[in-house]
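Trainee: Pasting a predicted model and its sequence here:
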Amino acid sequence: MAKKSDEWQVSSSYQQFVKDEGAPLYEGSALEDLATLPLFDWERRGGKVAYTRLGNQEKVNLQVVEIRPRGELKPEHHIYESVMYVLQGRGATVIWQEGEPKQTIEWEKNALLAIPLNAWHQEFNSSSDEPCRVVFGTNMAHVIDLYHNTDFVFNNPFAFKDRYSSSWQRYFSEAGKQLNLRLFETNFIPDITRFNLDPYPERGRRTSVMRLCMASASLSLHIAETSPGTYMTAHKHGPGAHVLCVGGEGYELLFMPGEKNRRRVPLNPTAVVSPQLNEYHQHFNTGKTPLRMLAFKEQGYSSKYGTGKSYQPDLSAQDKDPNAEIYQISYENEDPEISAEYYRELENKGITLRLPPLNQGSG
Ligand SMILES: [Fe+2]
């Protein structure tokens, strides 16, 4: 029997859009392998496509696209923000404003490229024998739900020349600049597995992060990493974050507050985790190399554009008030079985524990 809420809920404009695209819509809190995720033929742009509705929300979503060898997609432009991550293969994207010269950006596996808002863009596979697969992290779902008019979203003549003009020759080639602690502005990163990060001890020992502001977008991104033999503390926040594993190996634990049955998702490059509202999540490195993640998030967290709202919960609140909501569980306060499971895992794999065992007074 349908739950009561199902009786009055209707499909969203985003869900209807995906249906009209003839594409699959993947749901849940994680997808274990974006590289082999089944995609459907995409009449609108060519290639193959699938969409996500992960974390039970429609603020941020992924559009997974494959282009056949020497193939190309039809050009498009749209009133939603989009950042492309290259899962496999190599190719190029041509970007332009209406009536202006085109710029070509060549990319290969692990590149990250921002598509400026409503600029034309067209993707090409430059390999003659391998398909290429890319993931667009977008706020498409939110924008389509807001305006529910695809003509407005995909056929809007407004040019955001404050964000991008083809006359800005070095827009995609210059290295970018650090704006603040853990905040970097750039429009193209050729290989995010080599991108320099800042230390982030608040989230765990030997953990680092860099938030990214790309193409003046409101959509937030960051790259985070935890070193071999360590894991990050469990934390929770609003829904919409999509965390892609881009290097290393490990696993993710997902659990609701107080829940003993934790879901475990293997983390290998091409896995994605997207926790639901208030779902605790925690990354564990079980490999010999750093475990590196790329996260797409909704507006506010890592943009240089303020939102008038604090997205950083008061992590010390629980020290002042025992009834305060807990956003992050410290190593010392987590269920001891969490670290025990991790230590066993490292022992089985012959990996050296770099995080001192908690019962040895690690502090
Ligand atoms: Fe998170």
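Mentor: Happy to help now that I have it.
Trainee: going forward, measure contacts between C-alpha atoms and count neighbours the same way
Mentor: Noted.
Trainee: Alpha carbons of the lengthiest helix in the chain, as PDB, please.
Mentor: Looking across the chain with DSSP state H, the single longest helix is helix 336-349. Taking only C-alpha atoms (Å, rounded to 0.1, in the frame of the first residue of the first chain), the coordinates of helix 336-349 have been written out as PDB:
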ATOM      1  CA  PRO A 336      33.700   2.300  19.200                       C
ATOM      2  CA  GLU A 337      32.700  -0.300  16.700                       C
ATOM      3  CA  ILE A 338      33.400   2.300  13.900                       C
ATOM      4  CA  SER A 339      37.100   2.500  14.600                       C
ATOM      5  CA  ALA A 340      37.300  -1.200  15.500                       C
ATOM      6  CA  GLU A 341      35.900  -2.100  12.000                       C
ATOM      7  CA  TYR A 342      38.400   0.300  10.400                       C
ATOM      8  CA  TYR A 343      41.400  -1.100  12.300                       C
ATOM      9  CA  ARG A 344      40.400  -4.700  11.300                       C
ATOM     10  CA  GLU A 345      40.100  -3.600   7.700                       C
ATOM     11  CA  LEU A 346      43.600  -2.000   7.700                       C
ATOM     12  CA  GLU A 347      45.100  -5.100   9.400                       C
ATOM     13  CA  ASN A 348      43.600  -7.400   6.800                       C
ATOM     14  CA  LYS A 349      45.000  -5.300   4.000                       C
END
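Trainee: Mind listing what's buried along that helix?
Mentor: Taking 16 or more other CA atoms under 10 Å as the neighbour-count basis, helix 336-349 is seen to contain the buried residues 339, 342-343, 346.
Trainee: which residues of the protein score low on pLDDT?
Mentor: In the predicted model of the chain, residues 1-8, 299-303, 306-325, 356-363 satisfy pLDDT under 70.
Trainee: Show me the helices in it, by range?
Mentor: Counting by DSSP H, the chain has helices at residues 4-8, 13-20, 140-147, 150-154, 317-320, 336-349.
Trainee: closest to residue 229 out of those?
Mentor: helix 336-349 (7.3 Å; CA to CA).
Trainee: Correct me if wrong: residue 250 contacts residue 264.
Mentor: No - judged on CA atoms under 8 Å, residue 250 makes no contact with residue 264 at a distance of 10.3 Å.
Trainee: Give the residue from the two that has the larger number of neighbours.
Mentor: Neighbours per residue, other CA atoms under 10 Å: of residue 250 and residue 264, the larger number sits with residue 250, 24 against 14.
Trainee: got a list of contacts for stretch 61-73?
Mentor: Residues external to stretch 61-73 that are found in contact with it (CA atoms under 8 Å, 6 or more residues apart in numbering): 34, 39, 45-54, 122-141, 240, 242.
Trainee: same thing with stretch 177-193?
Mentor: When contacts are taken as CA under 8 Å, 6+ apart, the neighbours of stretch 177-193 outside the stretch itself are 107-114, 171-176, 195, 197-198, 209-215, 223, 246-247, 292, 302.
Trainee: which non-adjacent residue is nearest residue 154?
Mentor: Closest residue to residue 154 apart from its sequence neighbours, by CA to CA, 6 or more residues apart in numbering: residue 78 at 4.5 Å.
Trainee: on that earlier part again, possible to save the buried residues of helix 336-349 as TSV with distance to residue 151?
Mentor: As requested, those are exported to TSV (distance: CA to CA, whole Å):
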residue	distance to residue 151
339	52
342	50
343	54
346	53
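Trainee: Tell me the one of these nearest residue 22?
Mentor: Top of the list for closeness to residue 22, among these and by CA to CA, is residue 342 at 41.9 Å.
Trainee: ok, now how distant is that closest one from residue 297?
Mentor: With distances taken as CA to CA, to the nearest Å, residue 342 is found 27 Å from residue 297.
Trainee: cool, residue 244 as well?
Mentor: 11 Å.
Trainee: which ones are touching the nearest residue to residue 152 once chain neighbours are set aside?
Mentor: Nearest in space to residue 152, with sequence neighbours left out and distances taken as CA to CA, 6+ apart, is residue 79 at 7.8 Å. Listed by CA under 8 Å, 6+ apart, the contact partners of residue 79 are 117-118, 143, 152-154, 156.
Trainee: redo that, cut-off 7 Å
Mentor: Under the criterion of CA atoms under 7 Å, 6 or more residues apart in numbering, the contact partners of residue 79 comprise 117-118, 153-154.
Trainee: I am finished for the moment; much appreciated.
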